[in-house]
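Novice: What follows is a predicted structure for the sequence shown.
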Amino acid sequence: MDKISVLGLLVGIAAIVGGQVLEGGHVGSLAQPTALLIVLGGTMGAVMLQSPYATFARGMRMVLWVWVPPTVDYHRVIRQITGWSQLSRREGLLALENGIGQLNDVFARKGLQLLVDGTEPEQLREVLEVDISTYEQELKLSARIWEAAGGYSPTIGILGAVLGLIHVMENLSDPSKLGAGIAVAFVATIYGVGLANLVFLPISNKLKAHIDRLVVQREMIVNGLVGIANGDNPRIIEGRLQGYIF
């Protein structure tokens, strides 16, 4: 569990609600289901319209990374590659073949198979870097649906405000209905701007940070495998990979 993500969300909400209370307002006045429906429904509809289904679905699944980040263990990668390097130095590249089936990482398994097959170092790098580029592009496209939501949300909030004001104007002859319409108008704007800046945009940036870490892990694998293919000393390979950690 990423505790800082949970804490950040709670702090942001508490600051807004606390400010409302300190100003003498009521917390209940911020609870407007109609406004929330307009903002959330309109924003998600706009994002769905602009996104292919696969991209949208992947982006919705990826939101879990905000609280449960994907596993990235640079030290494990270094130990693994160093082990492969030492084994290949002692027994040759074919000795690595037995370990291919034990790998859960599809990318590492592909790279190790290419290495065992005797692929030239530059060709090995070229093939794997294409995979990395495609992988990064697809993930970042999915993460950007939350960035898009952050762009649409304030505008949808303004749309909700206008709808609330229309409702007010239609009921000028009935003062009992004016309060509800005005409340929806202003709260819709709060929801639109608040969700964009407290939820949607932070989620997008958090996902991009995790994607960058996943890409670095794959780049380490490529660097290590190319070093093994070149016949570099295991200590040199390990030292080179240590440079990725800061």
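Specialist: Received the coordinates, thanks.
Novice: Could you look up the SS state of residue 48?
Specialist: The three-state label given to residue 48 by DSSP: H, G, I helix; E, B strand; the rest coil is helix.
Novice: How much space separates it from residue 152?
Specialist: 11 Å (Cβ to Cβ, to the nearest Å). Any C-beta I mention is one placed from the backbone N, CA and C, and that applies to glycine too.
Novice: Between the two, point out the one with more neighbours.
Specialist: When residue 48 and residue 152 are compared on other Cβ atoms under 10 Å, the one with more neighbours turns out to be residue 152, at 22 against 12.
Novice: quick one: least confident helix or strand in this structure?
Specialist: helix 178-195 (a mean of 80; mean pLDDT, DSSP states H and E).
Novice: low-confidence ranges in the chain?
Specialist: Counting by pLDDT under 70, the ranges of the chain that qualify are 25, 29, 174-181, 183-184.
Novice: Show me how it divides into domains.
Specialist: 1-31, 33-246 (automatic domain parsing).
Novice: And the helices in the chain, which stretches?
Specialist: Here the chain has its helices, by DSSP state H, at 3-22, 33-50, 53-62, 74-91, 106-116, 121-170, 178-195, 201-230, 234-242.
Novice: export those to a markdown table and tack on distance to residue 97?
Specialist: Converted to a markdown table, these look like this (distance: least, Cβ to Cβ, whole Å):
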| stretch | distance to residue 97 |
| --- | --- |
| helix 3-22 | 41 |
| helix 33-50 | 46 |
| helix 53-62 | 33 |
| helix 74-91 | 11 |
| helix 106-116 | 5 |
| helix 121-170 | 16 |
| helix 178-195 | 52 |
| helix 201-230 | 13 |
| helix 234-242 | 19 |
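Novice: residues touching the most centrally placed residue in the chain, list them.
Specialist: What sits nearest the mean C-alpha location of the chain, by Cα atoms, centre = their mean, is residue 207, with 1.8 Å. Residues near residue 207 by Cβ atoms under 8 Å, 6 or more residues apart in numbering: 62-63, 65-66, 139, 142-143, 146.
Novice: and the gap between the closest residue to it other than its chain neighbours and residue 210?
Specialist: Closest residue in space to residue 207, ignoring its immediate chain neighbours: residue 143 at 3.8 Å, by Cβ to Cβ, 6 or more residues apart in numbering. Here residue 143 is placed at a distance of 9 Å from residue 210 (Cβ to Cβ).
Novice: and what of residue 122?
Specialist: Where residue 210 is concerned, residue 122 sits at a distance of 30 Å (Cβ to Cβ).
Novice: Among those two, which residue is more densely surrounded?
Specialist: More neighbours surround residue 210 than the other of residue 122 and residue 210, with 18 against 11 (other Cβ under 10 Å).
Novice: hang on, isn't residue 229 packed against residue 123?
Specialist: No: using Cβ atoms under 8 Å, residue 229 is not in contact with residue 123, being 9.3 Å away.
Novice: Cool, thanks, talk later.
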